[in-house]
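Asker: I'd like to go over a predicted model; first the sequence, then the structure.
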Amino acid sequence: MPKVVAALDCGSNSTRLLVMDGEGVALARHNEITRLSAGVDERGSLRADAMERTFSVLRRYRQRMSELGVTAGLLVATSAVRDAANGEDFLRGARAIVEVPCEILSGADEARYSYRGATSELDGVDDALVVDIGGGSTELAVVVDAQLRSFSMQLGCVRVAERELGFGVVTEERASATTAMIEHELRRAFEAEPALEKVVGHASLIGLAGTVATLVALERGLVDYERAAVHHQRVSREVVEHWRAILASETPAQRLAHAGMTAGREDVLVAGLYVLAAVMDRFGVDELLSSESDILDGITASLLEV
């Protein structure tokens, strides 16, 4: 029987599926906004409605996996489930639906899979620094002295919006509080993982996940998502600042009017851009390379090796 593998990612803001055949060809990619992390930062647990939204999507993904003849798979849950007191309850429910192994990833494992996926198609990239801005956390990963070094910051677009920035028009007070929150986490990252300092000023930044993908789509005015139009695009620091300023001055409804804005990201994208801008500043880089190959690609590559 031909090998067909599936990776499922239950993230803080979206739930995604990648199905890959034995030759490494993607048979299906799906992404739906489910906001699993809604309220986790405040309550410390997953809400029943957020879990059911995610379970509903997983049921459709299970059907798609059956249609494509999936022979092996792995579902991973990240920041939202990691931080929730009832995370194991969610995992049991997910396992019953998708019928493949399910794991709550540590920040280090999340960074490892993301780094592998993001760099798999790149040759000769020196000092590649992967920044994966999720809904609840942001992973930094870089190879220094032949070892992968990483740190998971408590900075995601949903978490930052819930805690400091808010979801609407950004005030000076909220912007200041957000900047302080992000700078605190960046300091913590550098203290915990000193190897990060070694690539400051010459890192080749690779940006993953919805914040970066939506930013590229906005800059290019994409009415409909096209992976090829978003993948491996250069994004300057000026572009990040430009869209952060525009969107920060608007309501979520106004943001949705921009070609390229994804419904379900209009209220949290600005928070993600604050994180992205701060990371670029701290590492002294003027541009990044977007990547649509990420944690899912890293997982499927590992599954195909078994």
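Answerer: Received the coordinates, thanks. The structure presented is a predicted model; accordingly, all values stated were derived computationally and were not measured.
Asker: Now do the strands in the stretch 51-200 of the chain.
Answerer: Taking DSSP state E, counting those that start in this stretch as the test, the strands found in the stretch 51-200 of the chain are 72-77, 102-104, 128-133, 138-144, 147-153.
Asker: check which helix or strand covers Thr300.
Answerer: Element membership for Thr300, per DSSP states H and E: helix 295-305.
Asker: got a list of contacts for that helix?
Answerer: Residues outside helix 295-305 that contact it (C-beta atoms under 8 Å, 6 or more residues apart in numbering) are 3, 5-7, 9, 16-18, 20, 22, 24, 29, 72-74, 76, 110, 112-118, 120, 132, 208. Every residue, glycine included, has its C-beta placed from N, CA and C.
Asker: and these, which are buried?
Answerer: Among those, the ones that count as buried by 16 or more other C-beta atoms under 10 Å are 5-7, 9, 16-18, 20, 73-74, 76, 110, 112-118, 132, 208.
Asker: Any idea how far stretch 78-86 is from the middle of the chain?
Answerer: Remark: stretch 78-86 is offset 15 Å from the chain centroid, using C-alpha atoms, centre = their mean, to the nearest Å.
Asker: how long is that stretch from one end to the other?
Answerer: One end of stretch 78-86 to the other measures 13 Å (C-alpha to C-alpha, to the nearest Å).
Asker: Likewise for stretch 224-243?
Answerer: For stretch 224-243, the first and last residues are 19 Å from each other (C-alpha to C-alpha).
Asker: Likewise for stretch 59-76?
Answerer: End-to-end distance for stretch 59-76: 15 Å, by C-alpha to C-alpha.
Asker: got it, and stretch 72-81?
Answerer: Start-to-end span of stretch 72-81 (C-alpha to C-alpha) is 23 Å.
Asker: Which parts of this structure belong to which domain?
Answerer: 4-105, 121-290 (automatic domain parsing).
Asker: Any buried residues in the lowest-mean-pLDDT helix or strand in the chain, and which?
Answerer: Taking mean pLDDT, DSSP states H and E as the measure, the chain has helix 40-43 as its least confident helix or strand, at a mean of 80. Buried positions in helix 40-43, judged by neighbour count with 16+ other C-beta under 10 Å: Val40, Asp41.
Asker: helices or strands next to it in the packing?
Answerer: Secondary-structure packing of helix 40-43 (3 or more C-beta pairs under 8 Å, 6 or more residues apart in numbering; DSSP states H and E): helix 79-83.
Asker: Which of the buried ones among the contacts of helix 295-305 fall within helices?
Answerer: Residues of the buried ones among the contacts of helix 295-305 located in helices (DSSP state H): Glu110, Arg112, Tyr113, Ser114, Tyr115, Arg116, Gly117, Ala118.
Asker: so the fourth one makes contact with Ser293?
Answerer: No - counting by C-beta atoms under 8 Å, Ser114 sits too far from Ser293 to count as a contact (9.5 Å).
Asker: Dump the least confident helix or strand of the chain to CSV, keeping only the CA atoms.
Answerer: Extracted in CSV, the C-alpha atoms of helix 40-43 (Å, rounded to 0.1, in the frame of the first residue of the first chain):
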residue,chain,number,x,y,z
VAL,A,40,-7.1,30.6,27.8
ASP,A,41,-4.8,33.4,28.9
GLU,A,42,-7.4,34.7,31.3
ARG,A,43,-9.2,31.5,32.4
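Asker: Need the contact partners of that helix.
Answerer: The list of residues contacting helix 40-43 from outside it, by C-beta under 8 Å, 6+ apart, reads Ser12, Leu46, Ala80, Asp83, Ala84, Gly136, Val158, Arg159, Glu162, Arg163.
Asker: residues contacting the residue lying closest to Gly210 once chain neighbours are set aside?
Answerer: Once flanking residues are discounted, Gly210 sits nearest to Arg265: 5.8 Å by C-beta to C-beta, 6 or more residues apart in numbering. Neighbouring residues of Arg265 by C-beta under 8 Å, 6+ apart: Asn13, Ile33, Cys157, Gly210, Thr211, Thr214.
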